[in-house]
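> Let me see the structure of the following:
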Amino acid sequence: MTRRHLSVLLLSPLTALALAACGSAVGAGSDGTRAEPTARASASGIPAAGLAAGYGLQVPAGAEQAVYAEDRDIGSSAFWVSFRTDAKGLGAFLSGLGRNEADLGSPDFALSTAAVRDAGWQFPKPESLRGLVVPGVDSDPHAPTRSVLVDLTDPSTPVVYGASLKV
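I've put the predicted structure just below:
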């Protein structure tokens with residue numbers, strides 16, 4: 001079985017486990033407040049370029065309200081990040097994944113409802129969510145699988161939620 005097949009078969013459970021392991025509590029409440037993450041290595045602000053690049057989730061210039069966390073375990077590690085940006089920043093972020101806004105699809109494809117619930121993420125308008133998954137590549141056994149949700153409630157300032165898992 002190739003890595004790609006393994007990634008596809010295990011994506012939803014692994015994403016749920018990664019998010020649950022992070023113990024994240026990133027809430028985007030209707031009042032605009034955001035809860036701080038509770039993972040071991042969590043922080044507010046833009047993650048260091050090397051850390052974000054290692055997980056393939058680089059935050060674009062000009063992003064605001066960034067929160068990120070990393071959780072490492074024997075044989076695997078997870079990284080997640082959320083931030084608010086503008087249309088240009090969303091385009092730059094998706095381009096860094098080799099994707100564009102037209103690639104965004106059903107949020108259920110990116111993260112299962114259980115994974116979102118386990119992560120503690122709350123969305124004021126779930127119908128405004130779009131998502132995508134970028135699987136690891138067979139040629140690089142250390143390439144992460146990345147899952148992204150984009151909240152387009154306000155398309156001029158979308159909120160991006162990204163999770164990256166290395167196994």
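> Helix or strand: which one has the nearest residue to residue 80 once chain neighbours are set aside?
Excluding its sequence neighbours, the residue lying closest to residue 80 (CB to CB, 6 or more residues apart in numbering) is residue 163, at 4.5 Å. Backbone N, C-alpha and C define where each C-beta goes, glycine included. Per DSSP states H and E: residue 163 is located in strand 159-166.
> what mean pLDDT would you report for that strand?
Averaging pLDDT along strand 159-166 yields 90.
> same thing with stretch 126-136?
For stretch 126-136, the mean per-residue pLDDT is 88.
> in it, what's buried?
By neighbour count on 16 or more other CB atoms under 10 Å, the buried set for stretch 126-136 is 128, 129, 130, 131, 132, 133, 134, 135, 136.
> want to throw those into JSON lines with distance to residue 52 and secondary structure?
Formatted as JSON lines, these follow (distance: CB to CB, whole Å; DSSP: H, G, I helix; E, B strand; the rest coil):
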{"residue": "128", "distance to residue 52": "25", "secondary structure": "helix"}
{"residue": "129", "distance to residue 52": "22", "secondary structure": "strand"}
{"residue": "130", "distance to residue 52": "21", "secondary structure": "strand"}
{"residue": "131", "distance to residue 52": "19", "secondary structure": "strand"}
{"residue": "132", "distance to residue 52": "18", "secondary structure": "strand"}
{"residue": "133", "distance to residue 52": "18", "secondary structure": "strand"}
{"residue": "134", "distance to residue 52": "14", "secondary structure": "strand"}
{"residue": "135", "distance to residue 52": "19", "secondary structure": "coil"}
{"residue": "136", "distance to residue 52": "17", "secondary structure": "coil"}
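> Tabulate those residues (a markdown table), appending distance to residue 78.
Below are these laid out as a markdown table (distance: CB to CB, whole Å):
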| residue | distance to residue 78 |
| --- | --- |
| 128 | 25 |
| 129 | 21 |
| 130 | 22 |
| 131 | 17 |
| 132 | 18 |
| 133 | 15 |
| 134 | 15 |
| 135 | 15 |
| 136 | 13 |
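> so residue 95 sits in a helix?
Yes: assessed by DSSP: H, G, I helix; E, B strand; the rest coil, residue 95 belongs to a helix.
> show me where pLDDT drops low in the chain?
Filtered on pLDDT under 70, the chain yields the residue ranges 1-42, 108-121.
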